[in-house]
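S.K.: The following block contains a protein sequence and its predicted model.
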Number of protein chains: 2
Amino acid sequence: MEIDYSNIKVIGFDADDTLWVNETYFRDTEHAFAKLLTEYETENKIDQELFKKEMENLPLYGYGVKGFVLSMIESAMDISNGKCDIKTISEILELGKRMINHRVELLEGVEEVLASLSDNYRLLLLTKGDLLDQERKLEKSGLEAYFNHVEVLSEKKEANYARLLDHLQIPVEEFLMIGNSLKSDVLPLVNIGAQAVHVPFHTTWQHELVDEDNVTDNYLKIHEIKNILAYL
Amino acid sequence: MEIDYSNIKVIGFDADDTLWVNETYFRDTEHAFAKLLTEYETENKIDQELFKKEMENLPLYGYGVKGFVLSMIESAMDISNGKCDIKTISEILELGKRMINHRVELLEGVEEVLASLSDNYRLLLLTKGDLLDQERKLEKSGLEAYFNHVEVLSEKKEANYARLLDHLQIPVEEFLMIGNSLKSDVLPLVNIGAQAVHVPFHTTWQHELVDEDNVTDNYLKIHEIKNILAYL
C-alpha cells in the first residue's frame, strides 16, 4: 500500500494490549477458573463454555471485568450442573477483584512513542470496556498527560468512531488510529476513510479475531509500537 | 435566593430518577434479594449488610447494575455464612438481568420539558453508572434526539463537571444542571459557579443522601420537572 501520513493531525490509541498488557490477565484468569472446575470438565471444554456464555451475555453486560466475572459465575453453575460449591463462587469473585486491582504493565516502547508524537500531534485514547476500570488503568499507567482526550466507548464500530470524530470536529482524513485489534481498531477506521495502523499483540481474544486474508490492505502493520516513529 | 437564568445557554440533565424511574427498581430488587435470604436474617439487617458491601466495593466496581449484582452475590454468601444454596446465586443473577432488561418508564412531564427547552438551549445528558446500561436506557427512552451531547461519568464530583465543561468549552456561568440528587447533581455545580435545580424523586439511595439543612441555598428546588418551564 501507499503510505502517506502528511494529512494526519490527530492520532488515536487503543489502550488494552496496545499500550499495556490486558488479554494475558484474562487468559490467566480463565486458566484459574478452569482449575476450579477441574472435577467437572476438561479445561478445553470449560474455555469453550465460558466463551459461549460471554458471547450470550455480551449484549447485556458489555465489555470489561465485571461482565466477565458474572459470566464466569453463571458458567460455573452450568458446567457443574448446579453442583459446584458456594466456595467456588467466592473464589471467582476473588479472581475478578484481583484483575481489577492488577498493576498496569506498559508494553515496550509505549512511553517513548507517546512522548515523541505528543510534540506534533493531538493524541486521543480510545478504548472500550468498563468506564471506571479503564479510567483506573489510565491513572495507574502514568500516561494520562500525553492525551488531549480520553473516550471509553461501549463499542468500537464504524458508527461509534464516526460519531466521536464528528463530536470532536476531527476530519476523517486527519485521523490515524493505532491498535492491536484488526476488528476494533483498524477495519472500522479504514471503512470510514480514516487511516489505521495494526500492532498485533501476541494474544488476541477470540471475539476480536478476523480472517486477515479477507481484509483490505489499506493499513500499515508493524510489529512493535515504536516502529511507527519511522512513518510519522 | 435570587434567581437569574438569563446567562444560561446550556442545560444538563441527570437521567436516573430525573428523566426516568431507576431507584424504584433497585429497591424492588433489594426486597427480592432479602426474600431469598429470609431464613438467615431479617430484611432490615440484610439491607444494611448489602449497603455496607456496596460501599466497600464501590471503589472497585463503581456505579451500576453489574457491580450491584456482584455485591449481592458476595453479600448472600456473607449473610448465610457460606451456607446459601447455589440456586440462590442463580436467582441473584436473574434479578440483575431483569433490571438490565427492564423497560424505561419516563417521569411525568419529561418529554414536554425537553421538547420545549431544546428550542432555546443546548441540552446535555450527564449520568453516572454503567456505560452500556445508560446508553441502552437512553435508546429505550426515545429521548436521544433532544440531546446535543451525552456523557456517562464514573463520578459526579466537582472535578468531573469542571473537566467536562472545559472539554465542551462551556463557560460555567452559562451552565445549569437539573437532577434529583443534591449530592451529585446540585452541590458540585453550585460549588464550581454554575447553577443547579433540584427535583427530588420520592426515593433516594442512602449513598446520595446529604443533610439539606447544612447545604447552601444557592439553588432552586422544584417538585415536578415541568415547573422549570416557569423559570426558563
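M.R.: Received it, and whenever you're ready, just let me know what you need.

S.K.: Contact residues of chain A facing chain B?
M.R.: Counting by CB under 8 Å from any CB of the partner chain, the residues of chain A close to chain B are A:60-62, A:66-67, A:69-70, A:73-74, A:77, A:82-87, A:89-90, A:93, A:96-97, A:100-101, A:130-133, A:135, A:149, A:152-154, A:167. For every residue, glycine as well, the C-beta is placed using N, CA and C.

S.K.: what about 6 Å?
M.R.: Within chain A, the positions lying close to chain B (CB under 6 Å from any CB of the partner chain) are A:60, A:62, A:66, A:74, A:77, A:82, A:86, A:89-90, A:93, A:100, A:131-132, A:135, A:154.

S.K.: State the number of residues packed around the closest residue to residue A:232 other than its chain neighbours.
M.R.: Distances taken as CB to CB, 6 or more residues apart in numbering or on different chains put residue A:5 closest to residue A:232, at 5.8 Å, once the chain neighbours are dropped. As a burial measure, residue A:5 scores 14 neighbours (other CB atoms under 10 Å in any protein chain shown).

S.K.: Now do the SS call for residue A:5.
M.R.: Under DSSP: H, G, I helix; E, B strand; the rest coil, residue A:5 falls in the coil class.

S.K.: One more: residue A:125?
M.R.: Once three-state DSSP is applied, residue A:125 turns out strand.

S.K.: ok, it touching residue A:147?
M.R.: Yes - in this structure residue A:125 lies within contact range of residue A:147 using CB atoms under 6 Å: 4.7 Å.

S.K.: ok, of the residues of chain A next to chain B, which come out buried?
M.R.: By neighbour count, with 16 or more other CB atoms under 10 Å in any protein chain shown, those hold A:60, A:62, A:66, A:74, A:77, A:86, A:89, A:93, A:100, A:131-132, A:135, A:154 as buried.

S.K.: and residue A:201, how far is that from residue A:11?
M.R.: 18 Å (CB to CB, to the nearest Å).

S.K.: which of the two has more neighbours?
M.R.: Taking neighbours as other CB under 10 Å, residue A:201 and residue A:11 compare with residue A:11 leading, 24 against 19.

S.K.: before we move on, what SS does residue A:196 have?
M.R.: Strictly by three-state DSSP, residue A:196 counts as strand.

S.K.: ok, and the closest non-adjacent residue to residue A:31?
M.R.: With CB to CB, 6+ apart as the criterion, residue A:31 has its nearest non-adjacent residue at 7.5 Å, and that residue is residue A:43.

S.K.: Helices along chain A, start to end?
M.R.: A:23-36, A:43-61, A:65-79, A:86-101, A:110-117, A:131-141, A:158-167, A:187-191 (DSSP state H).

S.K.: Would you mind giving the ones you listed as a markdown table with mean pLDDT added?
M.R.: Shown next, in a markdown table, are the helices of chain A (pLDDT from 0 to 100):
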| stretch | mean pLDDT |
| --- | --- |
| helix A:23-36 | 97 |
| helix A:43-61 | 97 |
| helix A:65-79 | 98 |
| helix A:86-101 | 97 |
| helix A:110-117 | 97 |
| helix A:131-141 | 94 |
| helix A:158-167 | 95 |
| helix A:187-191 | 95 |
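
S.K.: how close does the residue of chain A most remote from its centre sit to residue A:94?
M.R.: Using CA atoms, centre = their mean, the residue of chain A lying farthest from its centre is residue A:83. It sits 33.8 Å away. Applying CB to CB, the value for residue A:83 to residue A:94 is 20 Å.

S.K.: before we move on, what about residue A:198?
M.R.: Note on residue A:198: its distance to residue A:94, by CB to CB, is 35 Å.

S.K.: okay, the two: which has more neighbours?
M.R.: residue A:198 (21 against 13).

S.K.: Spatially, which two of the residues of chain A next to chain B are the most separated?
M.R.: Farthest pair in those (CB to CB) is A:82 and A:135. Separation: 36.8 Å.

S.K.: Could you break chain A into its assigned domains?
M.R.: Following automatic domain parsing, chain A resolves into domains at A:10-20+A:104-230, A:23-101.

S.K.: so how far is the longest one off the chain centroid?
M.R.: Translated: domain A:10-20+A:104-230. Mean-position distance between domain A:10-20+A:104-230 and its chain equals 9 Å (CA atoms, centre = their mean, to the nearest Å).

S.K.: show me what contacts residue A:106?
M.R.: residue A:20 (CB atoms under 6 Å, 6 or more residues apart in numbering or on different chains).

S.K.: Please repeat the previous calculation with a cut-off of 10 Å.
M.R.: A:19-21, A:114, A:140-143 (CB atoms under 10 Å, 6 or more residues apart in numbering or on different chains).

S.K.: Next, format these as TSV and append neighbour count.
M.R.: Output for those, formatted as TSV (neighbours: other CB atoms under 10 Å in any protein chain shown):
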residue	neighbour count
A:19	27
A:20	18
A:21	16
A:114	20
A:140	16
A:141	19
A:142	11
A:143	23
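
S.K.: How about the backbone phi and psi for residue A:157?
M.R.: Reported as degrees, to the nearest 10, the phi and psi values for residue A:157 are phi -110, psi 170.

S.K.: ok, it touching residue A:164?
M.R.: No - counting by CB atoms under 10 Å, residue A:157 stays clear of residue A:164, with 11.1 Å between them.

S.K.: before we move on, the earlier item: got a markdown table for the helices of chain A, with distance to residue B:33 too?
M.R.: Listed next are these as a markdown table, based on distance: least, CB to CB, whole Å:
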| stretch | distance to residue B:33 |
| --- | --- |
| helix A:23-36 | 25 |
| helix A:43-61 | 19 |
| helix A:65-79 | 16 |
| helix A:86-101 | 15 |
| helix A:110-117 | 43 |
| helix A:131-141 | 23 |
| helix A:158-167 | 35 |
| helix A:187-191 | 40 |
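
S.K.: can you tell me which residues contact the spatially closest residue to residue A:82 that is not a sequence neighbour?
M.R.: Closest residue in space to residue A:82, ignoring its immediate chain neighbours: residue B:86 at 5.6 Å, by CB to CB, 6+ apart. By CB under 10 Å, 6+ apart, the contact list for residue B:86 reads A:73, A:76-77, A:80, A:82-86, A:88-89.
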